Each structure stands twice: as structure tokens, then as C-alpha cells.
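K.L.:
Give me a model of this one.
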Amino acid sequence: MKIGLDLRFLKNWDNYSNFVYNLVKNLINNDKDNEYIIFLNLSFSHINFWENTKNIIVNNANIFDKQIKFKKILDKEKLDQTIFFNYDKPLKYRCNYIMFIADLEEFHFSPKKNIIKKHFDNYLLSENSKHANKIVCFNEKIKIEINDKLNIFEDNIKILTPFFITEKIEQSNFNIDIRSKYNIQNNYLIYYFWPKESSNLDRIIEIFEEFKKQEINLSLVILDNLTTQDINLRKKVIEKQLNSHIHFIWEVDKTEKELFFKNSIWVLFPVLYTIFPFALSDALSFENKIIASNLENIKKIFWNKISYFNPTDINDMFNQILNFSQDNKSNKINYNFINEKYNIEKTTGELINILK
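P.N.:
Next up, the predicted model:
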């Protein structure tokens, strides 16, 4: 079978991109009877999987390239099946295809787009969902949302169990006082997630402002590059004179990253929406304690292994973060049970069954 894999959307330092890249790599390695045609943007043209693949570089610069030129490329390849890992496919391409809907965050939190782009994206999602042979999503909750909001027949929606990309951390001999180097005077929590509309960072800033007023010695270290580059966020921290409580640190190398996680007391995950928390892979790798939003999709994975707060109640967030920060037990948690349930081999097997 000749299968197309649309990877034009791949981005560096993006959790979903990382998940798809690893899934595709494992799929090709485990299912060598098929021929895979991989569509990539220019920045990922160096990707080289195995001998049963062919890379095609696609210009992804504008709507004409995405809708007209890409359709011609797809038609020319005469594919038996194509997997689109998001909804951004040519509208008029109606051959056999499977489409992933990782979440419906844009329905709940409108991203900063102009009105024309917003309507066009909604139209793309709706139309491309209707004509897919199968829709792939990540749990029962989003399956119900897709059925409800997009009016997709339930039997056409398949659930694929995602996985966390964890790595075995080998303790390095390199040891510096990371707090002294970056002038972090208090115990600190780590935040390292992309600044999406659902990130809930405004409430976190208010909480650390209150910590300062009450002379509570607790800090937040932000390691995510995109968040640290958010000028408005940094201005807000400066205006509130929170420089001693909120630290923006970027371009962290592997050794220092290990030290930041090793010396932190918790990882903070305050999101208002998530279907699958791919972003917690680092916290799992470093075996950090996690304090997260009390959301059904998080609790069904972690149960009582992590701690929770109500992400819409600032008082509960304040109290819970303060209480958990005073927990002097070991800051290491064994997450082996998570990796046994959510692993790449299981996900690859499920995807192969969907393809068949």
C-alpha cells in the first residue's frame, strides 16, 4: 500500500510535533510492507527515515500553495491512503484519508487571528472532517466533542492512545549552584510550557504578586523560550516588581536543564484546557513532583500520583500552591506506571490497526 504522511506542520520545540515525528518514525520502522510518501516543509527537509520512504518538499508559504499546489502533488502520487495530522489539508482532495484532531482548543479559546483566517480555519476543520474516512482523536471526551460540534458519525471516530516521550536521565557529574548563578533566592517551581490561550499565566502572576505582598519566599522559573520572549508578559512582571519572584530563563542547555529540574520543588501545570498533556514529558523524565489543574483528562492519567488545584479559582490555586510548596518529602516520583500504559509501541499498534 502507498501511504502519504503529511508532516508539513512540524515545528521545533512543539510537543505535538515531537509526538507525531516519533510516532511516524516508529510506524515506518514496524510496518515495512508499505511505501510511505512523506510531505515536509523546507525546514525539515533533512529528515531521513528508511528505504521504504520518499520525501517530497512542499512549499507551505500561503493558501494557494497549501490548497492548490499541494493538491496537485497529492493527485500525482496516486496514494492508497493519506494521514493528515491536523485539519490543514486541501479542501478538494477527496481521496482516502485519515485526519487527526488532537484537540478542539480553538473552539474553547479563540487564538489571536484575524477574523477572515478564523472563519477559514473553522471551515477547513468542518469540511475536511466531513469527508475523512476516519477521524483519529485521543480520548472519549474529545470523541464526544467531535461528534457534537462537528456532527461526525460516531463510528467514523477512532481513539488512539497517545504516549509521553520520556528519556532516561543519566546524572551528570557537572554540578553548579544553579540558584546562585541565576540569582534565584527562594525555593522555586518550574513552568516550561508554550504560551497558548489556555496557559492561565495571568492568574499565576497574580498569585506570585500576592506571595510577594505576604513575604512568602517562593519563586517561579519560566524555562519555555516562547514564554520568555513574550514582551507583554515580561512588562507585566516588571511593572508589578516581581523580578525577584518570577525568573525568565531561555536557551537552557541540557546540563543546566537537568540542574533546574533537580533543584526545583515542583513543576507547575496550570492550564485551563488539555486533551493530553504531552508537555509533561520532561517532568516525567526528571521524576519531578507535579501540581496541575484539576481537569478530567489529567486526573484520568495521573490519579493521585500528582497534586491538583482548581484552575479557575485563584484562591484555591494560591492555597494549594502554598501548601504543596511546604511539603518537605522527596521531590522525586516514580512514573513507571504511566510509561507502561502510555507508550509508543502501544500507540503504533493501534495506528496500524486503524490503517488496516
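K.L.:
For the stretch 101-250 of the chain, which segments count as helices?
P.N.:
Counting by DSSP state H, counting those that start in this stretch, the stretch 101-250 of the chain has these helices, from start to end: 105-108, 115-130, 140-149, 178-181, 201-213, 225-228, 231-239.
K.L.:
which one of the ones you listed has the lowest average pLDDT?
P.N.:
Ranked on mean pLDDT, the bottom entry among the helices of the stretch 101-250 of the chain is helix 105-108, at a mean of 83.
K.L.:
Mind checking the helices of the stretch 101-250 of the chain for the one nearest to Gln326?
P.N.:
Comparison of the helices of the stretch 101-250 of the chain against Gln326 by Cβ to Cβ identifies helix 201-213 as nearest, at 12.4 Å. Bear in mind the C-beta positions are built from the backbone N, C-alpha and C, glycine included.
K.L.:
Show residues contacting the closest one.
P.N.:
191, 195, 218-220, 227, 233, 236-237, 240-242, 244-246, 268, 270, 311, 314, 317-318, 321-322 (Cβ atoms under 8 Å, 6 or more residues apart in numbering).
K.L.:
If any of those are buried, give me the PyMOL selection for them.
P.N.:
Applying 16 or more other Cβ atoms under 10 Å to these, the buried members can be selected in PyMOL as follows:
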select buried, resi 191+195+218+219+220+227+233+236+237+242+245+246+268+270+311+314+317+318+321
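K.L.:
so what pLDDT did Ser330 get?
P.N.:
Here, the pLDDT recorded for Ser330 equals 68.
K.L.:
And Asn173, by the same measure?
P.N.:
68.
K.L.:
What of Asn336?
P.N.:
According to the predicted model, the pLDDT of Asn336 comes to 91.
K.L.:
now do Asn304
P.N.:
With respect to pLDDT, Asn304 scores 93.
K.L.:
and it, which of the three is it?
P.N.:
Three-state secondary structure (criterion: DSSP: H, G, I helix; E, B strand; the rest coil) places Asn304 in helix.
K.L.:
Ok, the one 4 residues further on next?
P.N.:
Going by three-state DSSP, the secondary structure assigned to Tyr308 is strand.
K.L.:
and what of Val267?
P.N.:
The local conformation at Val267, judged by three-state DSSP, is strand.
K.L.:
Does it touch Ser281 like I think?
P.N.:
No - counting by Cβ atoms under 8 Å, no contact exists between Val267 and Ser281, whose distance comes to 11.1 Å.
K.L.:
Could you check how far Asp6 is from Leu160?
P.N.:
In this structure, Asp6 lies at 16 Å from Leu160, with Cβ to Cβ, to the nearest Å as the measure.
K.L.:
what are the ranges of the strands in the chain?
P.N.:
2-7, 35-40, 53-57, 81-84, 97-100, 134-137, 157-159, 187-191, 218-222, 246-248, 266-269, 290-293, 307-309 (DSSP state E).
K.L.:
can you redo these as a markdown table with distance to Leu351 and mean pLDDT?
P.N.:
Formatted as a markdown table, those follow (distance: least, Cβ to Cβ, whole Å; pLDDT from 0 to 100):
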| stretch | distance to Leu351 | mean pLDDT |
| --- | --- | --- |
| strand 2-7 | 11 | 96 |
| strand 35-40 | 13 | 95 |
| strand 53-57 | 16 | 93 |
| strand 81-84 | 8 | 97 |
| strand 97-100 | 9 | 98 |
| strand 134-137 | 8 | 97 |
| strand 157-159 | 9 | 97 |
| strand 187-191 | 32 | 96 |
| strand 218-222 | 34 | 96 |
| strand 246-248 | 38 | 96 |
| strand 266-269 | 27 | 96 |
| strand 290-293 | 27 | 96 |
| strand 307-309 | 31 | 97 |
